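Novice: Have a look; sequence and predicted model below, questions after that.
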Amino acid sequence: MRILYIDIDSQRPDHLGCYGYHRNTSPAIDQIASEGIVFDNCYTPDAPCLPSRTAFYSGRFGIQTGVVGHGGTAAQPKIEGPTRGFRDHFDWKGLGGRLQRCGYHTAMISPFGQRHAAWHFYAGFNEIHNTGQGGMESAEVVQPVVDQWMNENAKKDQWYLHINYWDPHTPYRTPTDYENIFANEPLPAWLSDDVIQANKQKVGPHCAHEVNMYTGTGNPKFPKQPGKATTPEEVRQVIDGYDLGVRYVDDQVAKIVSDLKAAGVYDDTMIIISADHGENLGELGLYGEHGTADDITCRIPLIIKYPGGAQGIHNTKFHYNLDLAPTLMDLIDGKKQDLWDGVSYAEAITKGEDIGREEVTISQCCHVAQRSVRWDRWLYMRTYHCGFHLFPQEMLFDLKTDPHEQNNLASQKPELCYQGQWRLSRWHDAQMQKMALTSNDVVDPLWTVIKEGGPFHASLTCGRPGRLGFDHYMEYLEVTDRKDGAEALRNKYATELNKFKS
């Protein structure tokens, strides 16, 4: 069997037609979805990019691998110590290595390992094509490499190919002559004038006044990427820029389908379409970022077309991206690994059974330090470092009635907060017990992030903006009519500010 994994960076499920989006962003992906299964509730356990893809290929939670951040100690895998053999866990017990040992030729078209110095990302791959721009390449750079690979290899058997597209990720970079087919279409209905106005008062990187992290300055190299989202017109530019990136990738998916059909192997190829994480597009006040441990950042698309498998259905249960590793082993008679945290859902693919987990725990330690749990209709979020957003310690959302997380119910439903905290504690206890038996240490990397000064993208010490940058940002808040926010942040981080004086 041939296995094609299409990895669309920052792809939200709800901006694809097969997940109900009102704009025509994904006709090619939607057609594949109609021939397979759409998984409604798949999540990355660790967001964003580096933690997510590490979890995916290792088959393990970030709390186990140690990779939960974008910088500092928590961006490096834990040292295996005296039990490390000639090859490490990422090779011998990672998904890529297991596919190799099942007779698959593993190939990857992605610059990601170099982008994040994540050399473990390449473990188990026979063939690596680094497209060379560190994630800044648009599809017109990636697609010629894909076309050549398909021309040379599509007809062969027993291959696994990972293709990485970047266009929905900021900065929005579709070619200048790529027509904006969404220019006259409505924005998502939830982005009302009231929401846009309320978001203008929020503080923190990637908020309405600082879409580019800590400033509102745009970049003339990327005219489709606004520096601010303080007016309906600017918010439209954000949404249109994102959706055009989705549609541009979909054009490439259509080309891949054409290549597979021309080679006569489309029907015999397993196609998986997914992402590393989603994208905040106004939720919790953030625009153009994957910065929280919530449904918006951590829920990802998962679409699987399997030869001879179920077609045209939705799976409603909860899944992690790392559940794919044991699932593939079940489908190809491979060996599952004792270190893996994943659970196979092979019968969902082969028989269409609505199987999966009853809850998932999700984490973010790059932009904030948060852990959350998703069950039934509820999302409970617990914040350990707010990333300069002034998030409260607890948030609770009813995603059935409030999918865009506008109404924090924590104060109204304390009994559900107690339940959410119990679920988090139960998960954490299980992870620490496993770590004590299988790891070289018993360190929860979330607390390493806190110890080293907070998440890399909101740090006074080794990350950004740094101590001096924080002062500049407070001045920016004041000149953008958010003096109260600046004062609240100075008070909240007074101890750290005194410790790391500029």
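Specialist: Everything's here; your move. These figures come from a predicted structure and were not determined experimentally.

Novice: Could you use CA atoms for every contact and neighbour count after this?
Specialist: Fine.

Novice: Can you pull out the low-pLDDT segments for the chain?
Specialist: 501-502 (pLDDT under 70).

Novice: max-length helix in it?
Specialist: In the chain, taking DSSP state H as the definition, the longest helix is helix 232-262.

Novice: In the protein, which residue is most central in space?
Specialist: residue 277 (1.4 Å; C-alpha atoms, centre = their mean).

Novice: could you list every residue that touches that one?
Specialist: 9-12, 43-44, 47-49, 52, 290, 297-300 (C-alpha atoms under 8 Å, 6 or more residues apart in numbering).

Novice: just checking, which of those belong to strands?
Specialist: Of the contacts of residue 277, the ones assigned to strands by DSSP state E are 43, 47, 299, 300.

Novice: Buried residues, the one helix or strand residue 32 maps to. List them.
Specialist: Applying DSSP states H and E as the criterion places residue 32 in helix 27-34. By neighbour count with 16 or more other C-alpha atoms under 10 Å, helix 27-34 contains the buried residues 27, 28, 29, 30, 32, 33, 34.

Novice: ok, of the ones in strands among the contacts of residue 277, which one's closest to residue 163?
Specialist: Distance to residue 163 across the ones in strands among the contacts of residue 277 (C-alpha to C-alpha) is lowest for residue 300, with 16.4 Å.

Novice: thought residue 316 was touching residue 37?
Specialist: No. At 10.5 Å, residue 316 does not count as touching residue 37 under the criterion of C-alpha atoms under 8 Å.

Novice: So between these two, which is more surrounded?
Specialist: Each of residue 316 and residue 37 has its neighbours counted (other C-alpha atoms under 10 Å); residue 37 has more, 25 against 15.

Novice: Mind listing the residues bridging to the more buried one?
Specialist: Beta-bridge partners for residue 37, by DSSP bridges, are residue 304, residue 313.

Novice: list the contacts for it?
Specialist: Applying C-alpha under 8 Å, 6+ apart, the residues contacting residue 37 are 303, 304, 305, 310, 311, 312, 313, 314, 315, 349, 352.

Novice: how about 6 Å then?
Specialist: Counting by C-alpha atoms under 6 Å, 6 or more residues apart in numbering, residue 37 makes contact with 303, 304, 311, 312, 313, 314.

Novice: shouldn't the first one be in contact with residue 40?
Specialist: No. Residue 303 sits out of contact with residue 40 when judged by C-alpha atoms under 6 Å, with a separation of 9.1 Å.

Novice: These two: which has the busier surroundings?
Specialist: Comparing residue 303 with residue 40 by other C-alpha under 10 Å, the one with more neighbours is residue 303, at 27 against 21.

Novice: Look at residue 132 and give its secondary structure.
Specialist: Classification of residue 132 using DSSP: H, G, I helix; E, B strand; the rest coil returns coil.

Novice: Check the gap between the nearest residue to it once chain neighbours are set aside and residue 323 for me.
Specialist: Spatial nearest neighbour of residue 132, excluding adjacent residues (C-alpha to C-alpha, 6 or more residues apart in numbering): residue 111 at 5.9 Å. Distance of residue 111 to residue 323, computed by C-alpha to C-alpha, to the nearest Å: 24 Å.

Novice: same deal with residue 265?
Specialist: Per C-alpha to C-alpha, residue 265 is found 26 Å from residue 323.

Novice: how many other residues sit next to the closest residue to residue 346 other than its chain neighbours?
Specialist: Counting by C-alpha to C-alpha, 6+ apart, residue 327 is the residue found nearest to residue 346 once chain neighbours are left out, at 5.1 Å. When neighbours are counted by other C-alpha under 10 Å, residue 327 registers 21.

Novice: which element is residue 327 on?
Specialist: Per DSSP H and E: helix 324-331 holds residue 327.

Novice: after that helix, next one along is what?
Specialist: Following helix 324-331 in sequence order, the next helix or strand is helix 346-350 (DSSP H and E).

Novice: Residue 138 is in contact with the residue nearest to residue 132, correct?
Specialist: No. The criterion here is C-alpha under 6 Å, and residue 111 misses it with residue 138 at 11.9 Å.

Novice: The closest residue to residue 352 other than its chain neighbours and residue 290, how far apart?
Specialist: Spatial nearest neighbour of residue 352, excluding adjacent residues (C-alpha to C-alpha, 6+ apart): residue 310 at 5.1 Å. Distance of residue 310 to residue 290, given as C-alpha to C-alpha: 32 Å.

Novice: Then residue 161?
Specialist: From residue 161 to residue 290 the distance is 26 Å (C-alpha to C-alpha).

Novice: same deal with residue 403?
Specialist: Separation of residue 403 from residue 290 (C-alpha to C-alpha): 16 Å.

Novice: more neighbours, those two?
Specialist: Each of residue 403 and residue 290 has its neighbours counted (other C-alpha under 10 Å); residue 290 has more, 25 against 16.

Novice: ok, the more buried one - contacts?
Specialist: By C-alpha under 6 Å, 6+ apart, the contact set of residue 290 is 279, 280, 297.

Novice: List only buried entries from those.
Specialist: Neighbour-count burial (16+ other C-alpha under 10 Å) applied to those gives 279, 280, 297.

Novice: Residue 444 - nearest residue in space that isn't next to it in sequence?
Specialist: Per C-alpha to C-alpha, 6+ apart, closest to residue 444 is residue 63, 5.8 Å.

Novice: do residue 466 as well
Specialist: Per C-alpha to C-alpha, 6+ apart, closest to residue 466 is residue 460, 4.1 Å.

Novice: pretty sure that neighbour is in contact with residue 467, am I right?
Specialist: Yes. In this structure, residue 460 is within contact of residue 467 by C-alpha under 6 Å, at 4.6 Å.

Novice: Mind checking which of the two has more residues around it?
Specialist: Shown here are residue 460 and residue 467; by other C-alpha under 10 Å, residue 460 has more neighbours (26 against 20).

Novice: how much space between the more buried one and residue 364?
Specialist: Counting by C-alpha to C-alpha, the gap from residue 460 to residue 364 is 18 Å.

Novice: repeat for residue 207
Specialist: 17 Å.

Novice: Checking residue 124 next. Helix, strand or coil?
Specialist: coil.

Novice: correction: residue 440
Specialist: Applying three-state DSSP: residue 440 is coil.

Novice: can you check the one 10 residues further on too?
Specialist: Assigned state for residue 450: helix (three-state reduction, three-state DSSP).
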